[in-house]
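J.: okay, here's the prediction I keep looking at, along with the sequence it came from:
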Amino acid sequence: MSIYVGNLSYEVTENDLKGVFAEYGTVNRVQVPTDRETGRPRGFAFVEMGADAEETAAIEALDGAEWMGRNLKVNKAKPKEDRSSSGGGRGGYGGGGGRGRY
């Protein structure tokens, strides 16, 4: 199980998050995704804790709390969806704007 932490300051580090979440239990792992081009944090993170009860306590305490000048969005992370089988996308013919053959 993992916790999603959103609306983070772009200055946040993994150690910052470990310190905050450690108040609610054992922190097993913290991931702060970064932008590929700039290397800057993307404003969200994932935290894995030792037990479900610890995660629940952290979510209840931190969701909506102000930290580093921002109101956190904290909830259970949803499983990552497989983008390759979404069926949508931009392929195909698109709208021709009425310029088809008659």
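T.: Yes, it's here.

J.: send the alpha carbons of stretch 35-52 over as CSV?
T.: Listed next in CSV are the C-alpha coordinates belonging to stretch 35-52 (Å, rounded to 0.1, in the frame of the first residue of the first chain):
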residue,chain,number,x,y,z
ASP,A,35,10.6,16.3,-14.2
ARG,A,36,12.7,14.7,-17.0
GLU,A,37,13.8,18.0,-18.5
THR,A,38,14.4,20.2,-15.5
GLY,A,39,15.2,17.6,-12.8
ARG,A,40,12.9,19.6,-10.5
PRO,A,41,10.3,17.7,-8.2
ARG,A,42,6.9,17.5,-9.9
GLY,A,43,4.9,18.6,-6.8
PHE,A,44,3.8,15.2,-5.6
ALA,A,45,5.3,12.1,-3.9
PHE,A,46,4.5,8.6,-2.8
VAL,A,47,5.1,7.3,0.7
GLU,A,48,5.0,3.7,1.9
MET,A,49,4.6,3.0,5.6
GLY,A,50,5.0,-0.1,7.7
ALA,A,51,1.4,-0.8,8.5
ASP,A,52,-2.1,0.1,7.2
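
J.: name the residues that touch it?
T.: With contact meaning C-beta atoms under 8 Å, 6 or more residues apart in numbering, stretch 35-52 is reached by 1-12, 14, 17, 21, 24-34, 55, 58, 77. Every C-beta, even on glycine, is put in place using the N, C-alpha and C of the backbone.

J.: ditto for stretch 57-65
T.: Under C-beta under 8 Å, 6+ apart, the answer for stretch 57-65 is 3, 5, 20-21, 23-25, 47, 49, 71-76.

J.: after the lengthiest helix in the chain, next one along is what?
T.: Scanning the chain for the helix with the most residues, using DSSP state H, yields helix 52-62. Going down the chain from helix 52-62, the next helix or strand is strand 66-67, by DSSP states H and E.
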